[in-house]
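Undergrad: Below are the sequence and a predicted model for it; my questions follow.
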Amino acid sequence: KAGVTQTPRYLIKTRGQQVTLSCSPISGHRSVSWYQQTPGQGLQFLFEYFSETQRNKGNFPGRFSGRQFSNSRSEMNVSTLELGDSALYLCASARVVGETQYFGPGTRLLVL
Amino acid sequence: KQEVTQIPAALSVPEGENLVLNCSFTDSAIYNLQWFRQDPGKGLTSLLLIQSSQREQTSGRLNASLDKSSGRSTLYIAASQPGDSATYLCAILNTGFQKLVFGTGTRLLVSP
């Protein structure tokens, strides 16, 4: 069974640009969550989607948004990038919330 | 607000030692607790998940316990190996929420 995949794996952007990250969950998983990991703040929750609905959102500015498609694939978008957005962005999927969450390898974003 | 703390922040042991990693949380209204490992620059690998109603879970050389009343979980690693070197993270899924709250992690180094 294929694991969670994330694309791209690495990104370099400049301040002010926008970026879209993609996550394909494990087949059959309908819950997709996004997390940001930085050395200073650790792992912080961004948002969670289930059946195309955002059910929970973390404490991030509106520049961070996401969506989920009918096939459970998810994208997150960050607009007007800032230097502080440089981080490892991790996607996790689960059959339903409350069961084991499986993480993808992450997308490492560097904002210059 | 759930706060999760892991002690120690770093641990260095010789191969073959048994060791214990600690995780403390402030809100006992948890749904489950999950232990992960993270290798440098990589995503998270799920190790064990303990439901709120359970006291422990075992997988191979790993044993995780949960004591909700004291707000603590421990991860016991038996006969440590160099391949166990990684950062270990505990994460709490609170009742009523759809997000994991992560601890700060313990960086483990097992020397041959």
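TA: Okay, I see it.
Undergrad: residues in contact with the residue of chain B most remote from its centre?
TA: Within chain B, B:P112 marks the point farthest from the mean C-alpha position, 22.9 Å out by CA atoms, centre = their mean. The contact partners of B:P112, by CB atoms under 8 Å, 6 or more residues apart in numbering or on different chains, come to B:E15, B:P82. The way it works is simple: take the backbone N, C-alpha and C, and place the C-beta from them, glycine included.
Undergrad: How much space separates it from chain A?
TA: Counting by CB to the nearest CB, to the nearest Å, the separation of B:P112 from chain A is 27 Å.
Undergrad: Is any residue of the helix or strand bottoming out on mean pLDDT in chain B near chain A?
TA: Lowest on mean pLDDT, DSSP states H and E among the helices and strands of chain B sits strand B:100-102, with a mean of 92. Yes. Using CB under 8 Å from any CB of the partner chain, we find that strand B:100-102 touches chain A at B:L100, B:V101, B:F102.
Undergrad: And that strand, what does it pack against?
TA: Packing partners of strand B:100-102 (3 or more CB pairs under 8 Å, 6 or more residues apart in numbering or on different chains; DSSP states H and E): strand A:31-38, strand A:42-50, strand B:86-94.
Undergrad: got a list of contacts for that strand?
TA: A:33, A:35, A:42-43, A:45, A:92, A:101, B:2-4, B:25, B:34, B:89-94.
Undergrad: And that strand, what's buried?
TA: Buried residues in strand B:100-102, defined by neighbour count with 16 or more other CB atoms under 10 Å in any protein chain shown: B:L100, B:V101, B:F102.
Undergrad: Closest to B:G41 out of these?
TA: B:F102 (17.3 Å; CB to CB).
Undergrad: Give me the sheet partners of the helix or strand containing A:S65 and which way each runs.
TA: In this structure, A:S65 is located in strand A:64-68 according to DSSP states H and E. Sheet pairing for strand A:64-68, assigned by DSSP bridges, gives strand A:74-78 (antiparallel).
Undergrad: The strand it pairs with to strand A:31-38, inter-axis angle?
TA: 40 degrees (axes from the mean of the first three to the mean of the last three CA atoms, to 10 degrees).
Undergrad: neighbouring contacts of the helix or strand immediately after strand A:74-78 in the chain?
TA: Counting by DSSP H and E, the element after strand A:74-78 in chain order, helix or strand, is strand A:87-94. Around strand A:87-94, the neighbours that count as contacts under CB under 8 Å, 6+ apart are A:4, A:6, A:21, A:23, A:25-26, A:29, A:31-38, A:43, A:46, A:72, A:74, A:76, A:100-104, A:106-109, B:41, B:43-44, B:100.
Undergrad: List buried residues within those residues.
TA: Neighbour-count burial (16+ other CB under 10 Å) applied to these gives A:4, A:6, A:21, A:23, A:25-26, A:29, A:31-37, A:43, A:46, A:72, A:74, A:76, A:101-104, A:106-109, B:43-44, B:100.
Undergrad: quick revisit: next secondary structure element downstream of the least confident helix or strand of chain B?
TA: strand B:106-111.
Undergrad: and that following strand with strand B:86-94, angle?
TA: Strand B:106-111 and strand B:86-94 are oriented at 150 degrees to each other (the same axes, to 10 degrees).
Undergrad: Give me the buried positions along strand B:106-111.
TA: Neighbour counts over strand B:106-111 (16+ other CB under 10 Å) mark B:T106, B:R107, B:L108, B:V110 as buried.
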